[in-house]
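J.: 3D, please:
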Amino acid sequence: MKHPMDLSDKRRTDEQGIALILVVVFVILLAVVSYQLVVQARMSRLTGENDALLARMRNHMEYTINEVEGSLKDDMQADDGGDEGGASPLGGLGGAGSAGGGEGANPLGGGGEGEDVAANTDSSRDSWFQPTAYSDDDLTTYVWVEDENRKFNILSLISPEEDYAKESKERFVRLIDELRDGTEFDLSSADGQQLAQIIIDWMEGVGRTEDVPRPQLKSDREDRQELTIMLHLDDLLMLRDVDEDLFYDKVLDAELIPGLESVLTIYTSLLVDPGDPEKLAQQDNAAGAGQDSGSSGQSSEGSGGPVGSESSEQPIGIGVRINLNTAPYAVLRSLFPRHQIPDAVIDAIIAYRNEEAEEEEDAAGEQGGEGAGGAVDAEDYSGDIRGPEEVEKKIFEAVEDLEEIPEFKNIADPEIKQQFYALTTVQSDVFTIHMASMFKRKKNAYVLRRARSVVVRLDHDEEGVLYPLIRLEESAGRRIMPVDVVVDVNDYANRRYELDEFSREEEAWNPFLIDFYRPDWQRGEDRE
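T.: Here you go, the predicted structure:
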């Protein structure tokens, strides 16, 4: 029989072991809870910092866009020729003919007799053309202004003029065929046919069911009730066979693969907002009652106001014509088939606007200043990029300047020339302001916030006025400024050698330039 003290000592020893285990478990739990609290506090701090940074980016973009819009307004001359008011063949998706009306009127509007050939042009000489950086301490907002008049308007596919709609579909097919030609993402004419039909069916309501009812819009017309026009180009992403890979630009081995967004638009066929239909009806009734009673009141049609008058049915601005000075190759190539306009003509047009301007043109540009489409020196830019002196390039001051190109002048069929004139212009009045606000953390590490605005610029009381169509909308897709002439690696290296250190760094960080996407061995150590 054991002594009672021996059993007590054993129990005490066991209790000490259990207490040690409990202490270890408690310490572990305390460490886990403490770590969780630390992580949560750190995440809350980082989240707050990121929210504050995004707010700073938004505020800086708001500030910057005011400067950019001011530059666009200043760029417009008081006298911008006879293009304003030219009608598009869409006629607001219901009208026909041009603003001038009459038999034989140009369905694209403008381009007729009496057009001012000295009208303001929009081209590479304008201050808004090149991507620019606006810096604020550790934050930089990059801006690229892209004129929408360089693109093909897909609303042309549903023009009420059947012949024009058919021609537009053929142009669209050629555009898709040329868009990514020569790359591994090449699209065929069959792809273009399929995509064109998908877009047409969507807007014309083919296959529309009660599950997806048609929304009522102010743009609806009584004679085309089944039609639903796209209100945003991003609506294309809702269609089958159109994904982000096709819609947005992409880069492969420092080569730009353009997306649909770079060549298509819906914003260049515009009408004045007719206003509230109920108020219009009340005004029409009041005007009719006034006329019946023998009063001196006038109807809305004769008053010149925007209230449902006949004049308000005519599209405003330049319309769907293509700007010769800015349109990419694929868009110009799509206007006519090769047996009517050979490749040599399109190549010559691209080459012409990349030739160095003669001294007389330079002098005229300097006298004209920004408003006349003249050159703007590096120090005149309102951003922070400073590069080498840019060579002034030739521009088309009028579509008739095409006659200066021998390849175009030698086209035998004068009707083809006139049709080419009718489809093109040298002006732009709708612009997309692409913005990318960047906070640089370290080499190749950054926070980037993208946004865009779409504005229409019109002449009002001898000054430019901007009307927003889209105002600082968040965007996620990549957009890159296209170039007419692709340079090889050696020419690129030589050009970068001419830049100062600050300019090299700014170009290397600018997300609207292809340099941003080049590998380090090509770009060098520009991102520090």
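
J.: so how far is R333 from the residue nearest in space to the middle of the chain?
T.: By CA atoms, centre = their mean, the chain has its centre lying nearest to T432, at 4.0 Å. Going from T432 to R333 by CB to CB, to the nearest Å gives 22 Å. Where C-beta positions appear, they are placed from N, C-alpha and C, glycine not excepted.

J.: wait, doesn't the residue nearest to the centre of the chain sit right on V454?
T.: Yes - counting by CB atoms under 8 Å, V454 is a contact partner of T432 at 5.1 Å.

J.: what is in contact with those two at once?
T.: Residues touching both T432 and V454 (CB atoms under 8 Å, 6 or more residues apart in numbering) are E148, Y267.

J.: on that earlier part again, where does the residue nearest to the centre of the chain land in three-state SS?
T.: Under the three-state scheme (DSSP: H, G, I helix; E, B strand; the rest coil), T432 adopts strand.

J.: now the host helix or strand of E415: buried residues?
T.: Secondary structure assigned from DSSP states H and E places E415 in helix 414-423. For helix 414-423, burial by neighbour count (16 or more other CB atoms under 10 Å) applies to K417, Q419, F420, Y421, A422, L423.

J.: equivalent analysis for stretch 208-223, please.
T.: S219, D220.

J.: so how far is that stretch off the chain centroid?
T.: 27 Å (CA atoms, centre = their mean, to the nearest Å).

J.: do stretch 57-74 as well
T.: Using CA atoms, centre = their mean, the offset of stretch 57-74 from its chain centre is 16 Å.

J.: just the residues contacting it, thanks.
T.: Stretch 57-74 is contacted from outside by 127-128, 134, 136, 139, 141, 143, 145, 370-371, 382, 431, 433, 435, 437, 439, 447, 449, 451, 453, 455, 457, 463-466, 472, using CB under 8 Å, 6+ apart.

J.: of the residues you listed, buried ones?
T.: Members of those classed as buried by 16+ other CB under 10 Å are 127-128, 134, 139, 141, 143, 145, 370-371, 431, 433, 435, 437, 439, 449, 451, 453, 455, 457, 464, 466.

J.: tell me the contacts of the closest residue to Q340 other than its chain neighbours?
T.: With CB to CB, 6 or more residues apart in numbering as the measure, I416 is the residue that lies nearest to Q340, at 5.3 Å, once sequence neighbours are left out. Applying CB under 8 Å, 6+ apart to I416 gives the contacts F336, Q340, I341.

J.: mind listing the strands for this structure?
T.: Applying DSSP state E to the chain gives strands spanning 132-136, 139-147, 152-153, 250-252, 255-257, 264-265, 322-323, 424-425, 430-442, 445-460, 463-474.

J.: so can I have JSON lines of the ones you listed showing distance to N120?
T.: Formatted as JSON lines, those follow (distance: least, CB to CB, whole Å):
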{"stretch": "strand 132-136", "distance to N120": "21"}
{"stretch": "strand 139-147", "distance to N120": "13"}
{"stretch": "strand 152-153", "distance to N120": "21"}
{"stretch": "strand 250-252", "distance to N120": "34"}
{"stretch": "strand 255-257", "distance to N120": "29"}
{"stretch": "strand 264-265", "distance to N120": "21"}
{"stretch": "strand 322-323", "distance to N120": "12"}
{"stretch": "strand 424-425", "distance to N120": "11"}
{"stretch": "strand 430-442", "distance to N120": "14"}
{"stretch": "strand 445-460", "distance to N120": "9"}
{"stretch": "strand 463-474", "distance to N120": "10"}
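
J.: nearest to R504, out of those?
T.: Across the strands of the chain, R504 has its closest neighbour in strand 132-136 (12.7 Å, CB to CB).

J.: ok so, going back, out of the contacts of I416, which end up buried?
T.: By 16+ other CB under 10 Å, the contacts of I416 give F336, I341 as buried.

J.: could the contacts of I416 go into JSON lines alongside pLDDT and distance to P482?
T.: Output for the contacts of I416, formatted as JSON lines (pLDDT from 0 to 100; distance: CB to CB, whole Å):
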{"residue": "F336", "pLDDT": "96", "distance to P482": "21"}
{"residue": "Q340", "pLDDT": "95", "distance to P482": "25"}
{"residue": "I341", "pLDDT": "95", "distance to P482": "21"}
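
J.: just the mean pLDDT for the helix holding E415, thanks.
T.: Per-residue pLDDT values across helix 414-423 average out to 94.

J.: equivalent analysis for stretch 510-524, please.
T.: Stretch 510-524 comes out with an average pLDDT of 76.

J.: same check on stretch 208-225?
T.: Averaged across stretch 208-225, the pLDDT comes to 73.

J.: what about it, distance to the chain center?
T.: With CA atoms, centre = their mean, you get 27 Å for stretch 208-225.

J.: what about that stretch, start to end distance?
T.: 13 Å (CA to CA, to the nearest Å).

J.: stretch 261-276 now?
T.: Length of stretch 261-276, first residue to last, CA to CA: 32 Å.

J.: any idea of the mean pLDDT for that stretch?
T.: On average, stretch 261-276 scores 87.

J.: report the buried residues of it.
T.: 261-272, 274-275.

J.: now render those as JSON lines, adding distance to H232.
T.: Output for the buried residues of stretch 261-276, formatted as JSON lines (distance: CB to CB, whole Å):
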{"residue": "E261", "distance to H232": "11"}
{"residue": "S262", "distance to H232": "16"}
{"residue": "V263", "distance to H232": "16"}
{"residue": "L264", "distance to H232": "12"}
{"residue": "T265", "distance to H232": "11"}
{"residue": "I266", "distance to H232": "8"}
{"residue": "Y267", "distance to H232": "9"}
{"residue": "T268", "distance to H232": "14"}
{"residue": "S269", "distance to H232": "14"}
{"residue": "L270", "distance to H232": "14"}
{"residue": "L271", "distance to H232": "17"}
{"residue": "V272", "distance to H232": "20"}
{"residue": "P274", "distance to H232": "20"}
{"residue": "G275", "distance to H232": "22"}
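
J.: farthest-apart pair in the residues you listed, please.
T.: Longest distance between any two of those is 34.8 Å, between S262 and G275; criterion CB to CB.

J.: re earlier: what's across from the residue nearest to the centre of the chain in the sheet?
T.: T432 has the following beta-bridge partners by DSSP bridges: E146, V454.

J.: for it, give its distance to H232.
T.: 12 Å.

J.: and what of D413?
T.: For D413, the distance to H232 equals 39 Å [CB to CB].

J.: and those two? Which one has more around it.
T.: H232 (13 against 10; other CB atoms under 10 Å).

J.: ok, now which ones touch that one?
T.: So H232 contacts I266, I470 (CB under 8 Å, 6+ apart).

J.: where does pLDDT dip in the stretch 51-200 of the chain?
T.: 77-119 (pLDDT under 70).

J.: which residue packs closest to E404, ignoring adjacent ones?
T.: Excluding the flanking residues, the one nearest E404 by CB to CB, 6+ apart is Y352, at 7.4 Å.

J.: contacting residues around the one you found?
T.: Shown in contact with Y352 (CB under 8 Å, 6+ apart): K394, F396, E404, I405.

J.: between the longest helix seen in the chain and strand 139-147, how big is the angle?
T.: Using DSSP state H, we find that the single longest helix of the chain is helix 4-75. Here helix 4-75 runs at an angle of 40 degrees relative to strand 139-147 (axes from the mean of the first three to the mean of the last three CA atoms, to 10 degrees).

J.: now the angle from helix 4-75 to strand 463-474?
T.: 160 degrees.

J.: could you shift the numbering so residue one becomes 17, and keep it that way?
T.: In the new count, where the first residue is 17, that last one comes out as helix 20-91.

J.: the helices in the stretch 267-416 of the chain, which residues?
T.: All helices of the stretch 267-416 of the chain, identified by DSSP state H, counting those that start in this stretch, fall at 293-308, 316-319, 345-350, 359-368, 375-384.

J.: related to what we said a few turns ago, can you give me the distance of the residue nearest to the centre of the chain to T284?
T.: For T448, the distance to T284 - CB to CB - is 11 Å.

J.: that's all I had, so thanks and see you.
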